[in-house]
Structures are given as structure tokens and as C-alpha cells.
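**Student:** Next one to model:
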Amino acid sequence: MIDYDSTPRYSMALEWDPRDEVSIATVPELAGCRIHGRSLEEAIRNGREVTAIWIESTRKWHDPIPSAQNFQGATDRSRMEDVVGGR
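**Tutor:** Numbering: from 1, shown residues only. The predicted model follows:
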């Protein structure tokens, strides 16, 4: 079972796709780690889940796991933690 709470906290780039009418969450440090949701909140929740799955899969393959980075210009962190029910 995946322990989502012990997964390192990575940054997420969030964007709105008007064509598909979904919010997209991309984790820049993790290659191919990108997911969507019908709302910003759902995209963030899904982003946390897919990050944990990405980390678990990478560990199973014994591949290196990139360190979490601190990106400047990040969105208001307190608001994001409110949205996803931060730790």
C-alpha cells in the first residue's frame, strides 16, 4: 500500500486547459508526472496521489529519485494546503 503522507512534497505547476475544461497538475522534478482534474482541488489531490505512485514505482526499479526543489514564483502555499488539506 502506498503511504501518501510519507511522500516528499514536490512542487506542482498548475494550469487550466480551456479546450478540455480541466486543471492540469505537473510535477516538474518527476519526468512524465502529469495529471488532470475537473477542478483545481481535484488536480492537486490527483497530483499528490500520482507523485506517491511515481516515487513507489521508481523505488521498485531502484532508480534514483530526484530531490524536491523550491521554485520561485510558486503559488500561495497556504492556499494550496487549505485546498488539499495539508499535513
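
**Student:** The chain: strands as residue ranges?
**Tutor:** Ranges of strands in the chain, per DSSP state E, are 13-17, 22-26, 34-37.

**Student:** okay if I get the ones you listed as a markdown table plus mean pLDDT, mean neighbour count and distance to Thr51?
**Tutor:** (Glycine included, C-beta is placed from N, CA and C.) Listed next are those as a markdown table, based on pLDDT from 0 to 100; neighbours: other Cβ atoms under 10 Å; distance: least, Cβ to Cβ, whole Å:
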| stretch | mean pLDDT | mean neighbour count | distance to Thr51 |
| --- | --- | --- | --- |
| strand 13-17 | 95 | 13 | 13 |
| strand 22-26 | 97 | 19 | 9 |
| strand 34-37 | 96 | 18 | 9 |
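
**Student:** Can you lay out these as a markdown table showing distance to Asn46?
**Tutor:** Below are the strands of the chain laid out as a markdown table (distance: least, Cβ to Cβ, whole Å):
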| stretch | distance to Asn46 |
| --- | --- |
| strand 13-17 | 11 |
| strand 22-26 | 7 |
| strand 34-37 | 5 |
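
**Student:** and the longest helix anywhere in the chain, what other elements does it pack with?
**Tutor:** Across the chain, the longest stretch assigned as helix under DSSP state H is helix 40-60. Contacts defined by 3 or more Cβ pairs under 8 Å, 6 or more residues apart in numbering; DSSP states H and E place helix 40-60 against strand 13-17, strand 22-26, strand 34-37, helix 77-84.
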